[in-house]
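In: Fold the stuff below for me.
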Amino acid sequence: MFYIYILYSISHDRYYIGQTNNLVSRIRRHNKGYVKSTKAYLPWEIVYSEEFTTRAEAVKRETYLKSLKSKIKIKVLVEASR
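Out: Below is the predicted model of the structure:
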């Protein structure tokens, strides 16, 4: 299985969108500071995820979500899922 996920940094009011085949391990790496692009904004919490059967599907969805480039649109998606 493959996943897209949205992380949120409370301390910096910032979202991060990514994809992986191991969600638990990937979030752990983000929070241990191993990911250069998220290291400065620790800690992260997962606020949204979707599951896909192929990496291609996950990448396509990740690309779409990143194309929104709007914190408001991402927040609406996250809130709607709760």
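
In: can you count the residues close to the residue lying closest to E50 once chain neighbours are set aside?
Out: Among residues not flanking E50 along the chain, I4 sits closest, at 5.1 Å (C-beta to C-beta, 6 or more residues apart in numbering). C-beta coordinates here come from the backbone N, C-alpha and C atoms, glycine included. I4: 24 surrounding residues under other C-beta atoms under 10 Å.

In: Can you verify my assumption that I4 contacts N21?
Out: No. Between I4 and N21 there is no contact under C-beta atoms under 8 Å: 11.2 Å.

In: What are the boundaries of the helices in the chain?
Out: Using DSSP state H, the helices of the chain run over 23-31, 55-68, 71-80.

In: Please tabulate the ones you listed in a markdown table, including the columns mean neighbour count and distance to R14.
Out: Compiled in a markdown table, the helices of the chain are given as follows (neighbours: other C-beta atoms under 10 Å; distance: least, C-beta to C-beta, whole Å):
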| stretch | mean neighbour count | distance to R14 |
| --- | --- | --- |
| helix 23-31 | 16 | 12 |
| helix 55-68 | 15 | 14 |
| helix 71-80 | 12 | 8 |
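
In: Pipe these into JSON lines and attach distance to W44 and mean pLDDT per row.
Out: Converted to JSON lines, the helices of the chain look like this (distance: least, C-beta to C-beta, whole Å; pLDDT from 0 to 100):
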{"stretch": "helix 23-31", "distance to W44": "5", "mean pLDDT": "97"}
{"stretch": "helix 55-68", "distance to W44": "16", "mean pLDDT": "96"}
{"stretch": "helix 71-80", "distance to W44": "13", "mean pLDDT": "92"}
